[in-house]
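> give me a 3D structure for the following:
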Amino acid sequence: MFIRVIVWLGSIVALSACASVDYSKLPPGSFSGSLFVMWVDEGGSSGDGNFLFVPDPNDPLIFRRSDPRQPGSVIRPGLMYTDGGSIPKIAQVFKGLSPWGYAPAYMIHDWIFTARHCIVDGENNPRFDQVRDVTFDDSSEILGEAIRGLVEAERVQPNDVAGGAITTAVGSVIAKGLWDKRGACKDLIVKPKDVAAAEAAIPGSSRLIARRSFRLPPETPPVPVQRRAKIITRVTF
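Okay, the predicted model is just below:
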């Protein structure tokens, strides 16, 4: 969601300038749990549509940094909108720049930005405490560590060019402008119909995460049990 076209710009910058974060020197983090996303609509001009990350309360996706003393040492993303890496079509021809190639890492980065936007808008929900002290520089390091963790676990092939480009992009001036943006939290609130769809797919996902994180209105409709979604595939670590 928040990586957007800056990944494409960053891939160019990475070939001609020094990155503020050296991807090659970052330690790998580690993942556990399951990753599940639902299609919501076609989205914008970048990425391959708009999706909803749905946390499984029985097997939550969790990322751990190699150094437990670092900010954001343990991150468990909550219910949120995402469009993966938001890679423009023109850039997707390059190896490693698929909008879903590093999907678990993108979910962690999206959650950091979602939390950041709500924190700067005055949201004090404890669900954001795990990333409340994460700085902008930390956010790009965490994404790089997450990608390296996927490589280390042999879930993706090594690709220092793509990993370096993406890490550079999310640490760019353009990304910093998004990091400091105010008034964005209200647009991140998951719509009631999408909350119901998430609950139908993974019972308990909206009850444990969404209502506490985004203070959803009481008029959120009940979930029609007879329309419970069928999960086609799930990525588990």
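
> alpha carbons only: can I get stretch 76-83 in CSV?
Output in CSV follows, covering the C-alpha atoms of stretch 76-83 (Å, rounded to 0.1, in the frame of the first residue of the first chain):
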residue,chain,number,x,y,z
ARG,A,76,2.0,-8.7,14.4
PRO,A,77,0.0,-6.9,11.7
GLY,A,78,-3.7,-6.4,12.1
LEU,A,79,-6.6,-6.2,9.7
MET,A,80,-5.8,-3.6,7.0
TYR,A,81,-6.0,-2.7,3.3
THR,A,82,-3.0,-3.5,1.2
ASP,A,83,-2.1,-3.7,-2.5
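
> can you list the low-confidence ranges for this protein?
Along the chain, the model assigns pLDDT under 70 to residues 1-19, 43-49, 84-100, 207-235.

> one more time with 50, if that's ok
Filtered on pLDDT under 50, the chain yields the residue ranges 4-16, 18, 85, 87-97, 99, 209-229, 232.

> need the helices for it, in chain order.
6-13, 103-120, 136-152, 160-170, 173-179, 192-201, 205, 211-214 (DSSP state H).

> now the angle from the third one to helix 160-170?
What separates the directions of helix 136-152 and helix 160-170 is an angle of 160 degrees, with axes from the mean of the first three to the mean of the last three Cα atoms, to 10 degrees.

> re earlier: out of the helices of the chain, flag the one nearest T236.
helix 103-120 (10.6 Å; Cβ to Cβ). Every C-beta, even on glycine, is put in place using the N, C-alpha and C of the backbone.

> buried ones in the closest one?
Of all the residues in helix 103-120, those buried under the rule 16 or more other Cβ atoms under 10 Å are 103-119.

> out of the helices of the chain, nearest to W39?
Using Cβ to Cβ, the nearest of these to W39 is helix 192-201, at 9.8 Å.

> packing partners for the closest one?
Applying 3 or more Cβ pairs under 8 Å, 6 or more residues apart in numbering; DSSP states H and E, one finds that helix 192-201 makes contact with strand 37-41, strand 50-53.

> keeping just the C-alphas, turn the longest one into CSV.
Translated: strand 37-41. Once non-C-alpha atoms are left out, strand 37-41 reads as follows in CSV (Å, rounded to 0.1, in the frame of the first residue of the first chain):
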residue,chain,number,x,y,z
VAL,A,37,-5.3,-11.7,1.9
MET,A,38,-8.7,-11.1,0.3
TRP,A,39,-9.4,-9.3,-2.9
VAL,A,40,-11.5,-6.1,-2.3
ASP,A,41,-11.5,-4.2,-5.6
